[in-house]
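Engineer: Pasting the sequence and the predicted coordinates here, then a few questions.
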Amino acid sequence: MRTHTLTLNGLGLSRENHINGTVLITSIVDFMLHKTKSTKHVQGLVGLRNLGNTCFMNSILQCLSNTKELRDYCLQNSHRRDLSSKRCNTAIMEEFARLLQAMWTSSANEVVSPSDFKTQIQKYAPRFMGYNQQDAQEFLRFLLDGLHNEVNRVTVKPRPSSQDYDHMPDSEKGKHMWKRYLEREDSRIVELFVGQLKSSLTCTECGYCSTVFDPFWDLSLPIAKKSASEVSLIDCMRLFTKEDVLDGDEKPTCCRCKAHRRCTKKFTVQKFPKILVLHLKRFSEGRYRSGKLSTFVNFPLRDLDLREFSSESNPHATYNLYAVSNHSGTTMGGHYTAYCKNPSNGEWYTFNDSRVTAMSSSQVRSSDAYVLFYELSGPSSRM
């Protein structure tokens with residue numbers, strides 16, 4: 001059954017408006033006809049059936065569907081080359097690819113059921129069994145992990161190395177740690193989504209600084225508190241990378257002093273990923289959510305410059321937004337949608353389960369934004 005639900009928002013038209021002059025009326029009608037006609041030939045405008053509180057899953061699937069390089073990986077069947085050498089279960093990647101292929105080959109505004117995909121993801125992560133509402137960011141992490149495991153090009157992982165890199169400059173140490181990571185975890189999913197964080201621990205007594213490099217799939221950003229009701233995404237990044245003091249029971253052991261010392265800890269980004277996923281921490285942490293922050297976080301659609309958060313000088317760290325997973329409502333009852341920029345025509349659309357709606361780019365920012373998807377602009381990331 002085909003459901004035709006594409007509409008136009010944001011035109012500012014109402015029956016009460018009295019328009020003088022037939023030229024303006026004709027222009028508006030021509031625009032609407034052109035807009036309607038153009039969307040009929042745009043692929044990827046396919047809704048997903050809600051199987052019962054699965055809007056969290058649908059929202060993330062639409063964001064990933066509009067991740068151009070991941071979409072092409074599936075549409076061109078490149079994933080099959082990485083699956084061919086696998087003896088383990090590959091059902092998640094296969095069903096995910098089939099789902100994206102259906103979403104990009106079906107007619108605009110058809111509705112596709114993700115039931116076969118859900119069957120496989122809940123086998124991999126039983127926490128998603130049933131039809132309870134779940135957290136979209138947690139689902140994204142499990143999904144990317146499952147996809148990576150099935151297309152990991154490494155079939156025999158090397159033994160853990162005891163090699164000491166502390167004598168190296170940090171930039172060289174970071175490269176060696178990244179190389180070691182790829183010796184165990186190497187897939188198209190990693191190439192797109194994984195970056196590297198640098199954690200610096202400095203002793204306030206002797207000044208000794210130790211560094212640790214870890215891969216990351218996304219960054220969970222605390223929402224900055226300001227007197228105004230609005231904060232910027234850069235404010236949240238600055239709070240995430242702010243230098244913290246470890247004192248009292250948190251005192252770590254200084255390698256030089258050989259004793260527990262007061263230290264400072266700071267995060268910087270060593271390697272920026274091609275796809276940067278930023279998670280706004282709107283929900284209270286704990287086993288059960290007790291509250292939600294509805295703070296409006298102002299984030300740029302283009303030219304997000306993150307150079308100030310880099311541990312290296314002159315990095316390429318400018319990003320453009322292409323998808324947002326939104327959560328509306330409260331912790332007790334809410335709903336997920338997605339705003340996505342179609343990679344074929346560059347237009348923005350709302351994906352609300354089975355409904356697909358054209359939207360203006362001016363509507364993308366809202367206090368419901370929960371997970372932001374940014375793509376690195378221009379040259380590929382370093383290393």
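Structural biologist: Yep, that arrived.

Engineer: residue ranges with poor pLDDT in the stretch 51-200 of the chain?
Structural biologist: Flagging of the stretch 51-200 of the chain using pLDDT under 70 yields the residue ranges 84-87.

Engineer: As a check, name the ranges of all helices in it.
Structural biologist: In the stretch 51-200 of the chain, helices defined by DSSP state H, counting those that start in this stretch lie at 55-65, 68-75, 78-83, 91-105, 115-124, 136-151, 170-182, 188-193, listed in chain order.

Engineer: Tabulate those helices (CSV), appending distance to residue 250.
Structural biologist: All C-beta atoms are positioned from the backbone trio N, CA, C, and that covers glycine. Shown next, in CSV, are those (distance: least, C-beta to C-beta, whole Å):
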stretch, distance to residue 250
helix 55-65, 34
helix 68-75, 39
helix 78-83, 42
helix 91-105, 39
helix 115-124, 36
helix 136-151, 26
helix 170-182, 24
helix 188-193, 31
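
Engineer: Looking at these, which one is packed in the most?
Structural biologist: Neighbour counts (mean count of other C-beta atoms under 10 Å) averaged over each of the helices of the stretch 51-200 of the chain peak at helix 55-65, with a mean of 25.

Engineer: now it against helix 136-151, angle please.
Structural biologist: Using axes from the mean of the first three to the mean of the last three C-alpha atoms, to 10 degrees, the interaxial angle of helix 55-65 with respect to helix 136-151 works out to 50 degrees.

Engineer: Run through who's touching helix 55-65.
Structural biologist: For helix 55-65, the surrounding residues in contact (C-beta atoms under 8 Å, 6 or more residues apart in numbering) are 44, 48, 50, 70-71, 99-100, 103-104, 114, 117-118, 121, 128, 133-136, 139-140, 143, 323-326, 335-338, 340, 351, 353, 371, 373.

Engineer: Same check on stretch 200-211?
Structural biologist: With contacts defined as C-beta under 8 Å, 6+ apart, stretch 200-211 is touched by 166, 170, 173, 198-199, 212, 246, 252, 254-257, 261-268.

Engineer: do the same with stretch 96-104
Structural biologist: Applying C-beta under 8 Å, 6+ apart, the external contacts of stretch 96-104 come out as 43-44, 46, 48, 61, 64-65, 71, 74-75, 77, 79, 112, 114, 116-117, 143, 147.

Engineer: hmm, 6 Å instead?
Structural biologist: 43, 44, 46, 65, 71, 74, 75, 79, 112, 114, 117 (C-beta atoms under 6 Å, 6 or more residues apart in numbering).

Engineer: check contacts around the second one.
Structural biologist: For residue 44, the set of contacting residues under the criterion of C-beta under 6 Å, 6+ apart consists of 104, 342.

Engineer: Quick check: the gap between it and residue 104.
Structural biologist: Residue 44 sits at a distance of 5 Å from residue 104 (criterion: C-beta to C-beta, to the nearest Å).

Engineer: likewise the first one?
Structural biologist: With the distance defined as C-beta to C-beta, residue 43 ends up 5 Å from residue 104.

Engineer: Skipping its backbone neighbours, what lies nearest residue 154 in space?
Structural biologist: The shortest distance from residue 154 to any residue that is not its chain neighbour, by C-beta to C-beta, 6 or more residues apart in numbering, is 5.3 Å, and that residue is residue 186.

Engineer: and that neighbour, backbone torsions?
Structural biologist: Per-residue torsions, residue 186: phi -140, psi 110 (degrees, to the nearest 10).

Engineer: Check residue 309 too.
Structural biologist: Taking degrees, to the nearest 10 as the convention, residue 309 sits at phi -100, psi 10.

Engineer: Is it correct that it is in contact with residue 266?
Structural biologist: No: Residue 309 is beyond contact range of residue 266, at 10.4 Å (criterion: C-beta atoms under 6 Å).

Engineer: Pick out whichever of the two has more residues nearby.
Structural biologist: A count of neighbours by other C-beta atoms under 10 Å puts residue 309 above the other of residue 309 and residue 266, at 18 against 15.

Engineer: OK, contacts around that one?
Structural biologist: Counted by C-beta under 6 Å, 6+ apart, residue 309 has contacts 237, 241, 269.

Engineer: what about the first one, how many neighbours?
Structural biologist: Summarising burial for residue 237: neighbours were counted as other C-beta under 10 Å, giving 21.

Engineer: In space, what's closest to it - neighbours in sequence excluded?
Structural biologist: If you skip the residues right next to it in sequence, residue 237 has residue 309 as its closest partner in space, 5.7 Å away by C-beta to C-beta, 6+ apart.

Engineer: re the thing from before, mark which of the contacts of stretch 200-211 are buried, thanks.
Structural biologist: Neighbour counting by 16 or more other C-beta atoms under 10 Å classes 170, 173, 198, 246, 254, 261, 263, 267, 268 among the contacts of stretch 200-211 as buried.
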